[in-house]
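Novice: from the sequence below, what's the structure:
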Amino acid sequence: MKLLIITILLCVTTFSFAKETWPFGSEDTNTGFRGIIYDLKQDRDNEITKVGKAGNKTMGFYDGFKDLIRKKFSDNGLKKYFKGDRKVYLKYLLVKKMPAADVPDKFSSDYISPERLIIVYKGTIEEAPTESFRFGGVFDDAICVLVNGKVVFYVSRHKDILRYKPKAISNKRRNSGVDHTAYGDYIKLKKGDEVTLVVAEIPGGKVGGQLLVQLEKHEYAKDSSGDPKLHPFICDDATEEDLKKIKDAGLETENIPKFRFIKQ
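Specialist: Coordinates of the predicted model:
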């Protein structure tokens, strides 16, 4: 009887863990959009990197970030940095502002101080809408999307540091900060395309943001500023719980385009 009880408890625990969700992902591998954290301050041997030694933390971070963009966030380019040993799988990025200190332990069993970090999500498209669309969104401190190694969306609160600029900005957006949506190029995705999403945190204070899509031919409702209420970039079917979160965020819940990634 004791053995039976222990077995049941283990099964319940395993099931709960597999379904656990968190703003930056879950343990559900079915989405296939896999995320790993990298600490740009230190290398694989816990030695301080150039990013970690830089007197100006922001400029030092972007020096490393620019190099990684140039290397297309390849495994070879990332290998010199300390990598978390846990992986998460992202369904959609819709993160309310939260302490950056709450992030690293979900990705690593080793302690990582919550600054000068990036989370890199990678996946291979299995299914995508045939219609042209563009990415939109915002993230504190930076967000970047590459398709087959090419930057198609980038926005940062430090807007003048890198040559990558958003193609358009929200009517509410000001000259600095990342409180409002920016937009990338119109593109199409097809089966086999490689998508990389990178989000970054520099000082280690608050972190948050979202990744959205705007279908070129879809008629979106407008908010009070005249900005469209966009769809979330979602990598699976939306549950009722998902739809509530999406609606509460002021986003479009009808006819959400679905993107699927090959399971990793």
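Novice: for residue 29, grab phi and psi.
Specialist: phi -70, psi -10 (degrees, to the nearest 10).
Novice: does it touch residue 89 like I think?
Specialist: Yes - Residue 29 is within contact range of residue 89, at 5.5 Å (criterion: CB atoms under 8 Å). From N, CA and C alone the C-beta is placed, and that goes for glycine too.
Novice: between those two, who's got more neighbours?
Specialist: Set residue 29 next to residue 89 and count neighbours by other CB atoms under 10 Å: residue 89 wins out with 22 against 14.
Novice: list the residues that contact the more buried one.
Specialist: By CB atoms under 8 Å, 6 or more residues apart in numbering, the contact list for residue 89 reads 25-35, 264.
Novice: now secondary structure, distance to residue 124 and pLDDT too, for the residues you listed, in TSV please.
Specialist: Output for the contacts of residue 89, formatted as TSV (DSSP: H, G, I helix; E, B strand; the rest coil; distance: CB to CB, whole Å; pLDDT from 0 to 100):
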residue	secondary structure	distance to residue 124	pLDDT
25	strand	17	93
26	strand	19	92
27	coil	20	90
28	coil	17	90
29	helix	14	91
30	helix	14	89
31	helix	12	91
32	coil	7	93
33	coil	9	96
34	strand	10	97
35	strand	15	97
264	coil	8	89
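Novice: give me the neighbour count for residue 32.
Specialist: 21.
Novice: please name the bridge partners of the residue nearest to it when sequence neighbours are not counted.
Specialist: Nearest residue to residue 32, sequence neighbours excluded (CB to CB, 6 or more residues apart in numbering): residue 261, at 3.3 Å. Beta-bridge partners recorded for residue 261 (DSSP bridges): residue 125.
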